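S.K.: sequence and predicted structure below; questions after.
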Amino acid sequence: MKKINSLTTTSVMEACQQIGKQLSVTGSDELMNIESKKKLEQDILQQVPEKFRIGGIESLQLRSQEIENHLGIRNDFQINKAIDDTVADFLITLSSEMEPCSREDIAISLETIASTFQVKVPDELGLTVYFDILEIYPKFIINRCTQHITKTYPYPRLPVPKDFVEYCDPIYKTHKDWLLRVAKNFYRLEISKQSPEPLPYINKYLTKE
């Protein structure tokens, strides 16, 4: 009887140990999967301009890449996905961020910088020059530029319009180009969905550039 108990005990212990090992491996795998997923999301997010990094944007970026790389090229391209139903809302939200700033936004920027450096703002004619040059940029870019200048500008004077343009233009171009690219991709998708005939399959490896 003792022998049976001993065997039974050993068997149970081994079974428990085996389950523990399995659970440990499974737990590690699950943790690795979570970490890999987070890293993938971070990598995707890095491809999105900073101002556009809102909730769910990773899915939009991935879908946009799928369309650009696979639509009309791979015959297994999935024409409908859940993310497609949210695209219009995304684009409206993102495009609203790209609305040109107001003259008041520029005036506040100049006043902030002038106050920080204890200098005078230009007269009305001078302000008009700043307005005409800078009013193409969205408010968030003007605000960032204001912070950048007050923190880093080495001269105790008001920066000339060129100083603003050199900072604002690259940020503006990055956001504009990304948004236009995404809009173009989803426009292609909608055209494809509405087309009575499916787009022909194209083997990109056999297609000459």
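M.R.: Everything's here; your move.

S.K.: per-residue pLDDT, the most centrally placed residue in the chain?
M.R.: Closest residue to the average C-alpha location of the chain: Val48 at 2.5 Å, with Cα atoms, centre = their mean. Val48 carries a pLDDT score of 97 in this model.

S.K.: quick one: contacts for it?
M.R.: 57-58, 61, 178 (Cβ atoms under 8 Å, 6 or more residues apart in numbering). C-beta here means a position set from N, CA and C on the backbone, and glycine is covered the same way.

S.K.: regarding Leu93, what are the backbone dihedral angles?
M.R.: Slight slip there: residue 93 is Thr, not Leu. phi -60, psi -50 (degrees, to the nearest 10).

S.K.: ok, it to Ile57 distance?
M.R.: 10 Å (Cβ to Cβ, to the nearest Å).

S.K.: format the contacts of Val48 as a markdown table; extra columns: secondary structure, neighbour count and distance to Val165.
M.R.: Below are the contacts of Val48 laid out as a markdown table (DSSP: H, G, I helix; E, B strand; the rest coil; neighbours: other Cβ atoms under 10 Å; distance: Cβ to Cβ, whole Å):
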| residue | secondary structure | neighbour count | distance to Val165 |
| --- | --- | --- | --- |
| Ile57 | helix | 19 | 28 |
| Glu58 | helix | 17 | 32 |
| Gln61 | helix | 20 | 28 |
| Trp178 | helix | 18 | 20 |
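
S.K.: make CSV from those and add pLDDT to it.
M.R.: Formatted as CSV, the contacts of Val48 follow (pLDDT from 0 to 100):
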residue, pLDDT
Ile57, 96
Glu58, 94
Gln61, 96
Trp178, 97
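
S.K.: closest to Ala107 out of those?
M.R.: Comparing those against Ala107 with Cβ to Cβ places Trp178 closest, at 29.1 Å.

S.K.: how about the closest one: what's its closest non-neighbour residue?
M.R.: Setting aside the residues directly before and after it, Trp178 is nearest to Pro49 in space (Cβ to Cβ, 6 or more residues apart in numbering), at 5.1 Å.

S.K.: show the contacting residues for that neighbour.
M.R.: 171, 174-175, 178.

S.K.: tell me the SS of Gly72?
M.R.: The three-state assignment at Gly72 reads coil, by DSSP: H, G, I helix; E, B strand; the rest coil.

S.K.: quick one: the residue nearest to Trp178 from Arg144, how far?
M.R.: In this structure, Pro49 and Arg144 are 12 Å apart, going by Cβ to Cβ.

S.K.: which residues are common contacts for these two?
M.R.: Shared contacts of Pro49 and Arg144 (Cβ under 8 Å, 6+ apart): Ile171.

S.K.: how about the residue nearest to the centre of the chain, phi and psi?
M.R.: Main-chain torsions, Val48, degrees, to the nearest 10: phi -100, psi 130.

S.K.: give the contact list for Val129.
M.R.: Neighbouring residues of Val129 by Cβ under 8 Å, 6+ apart: 122, 161.
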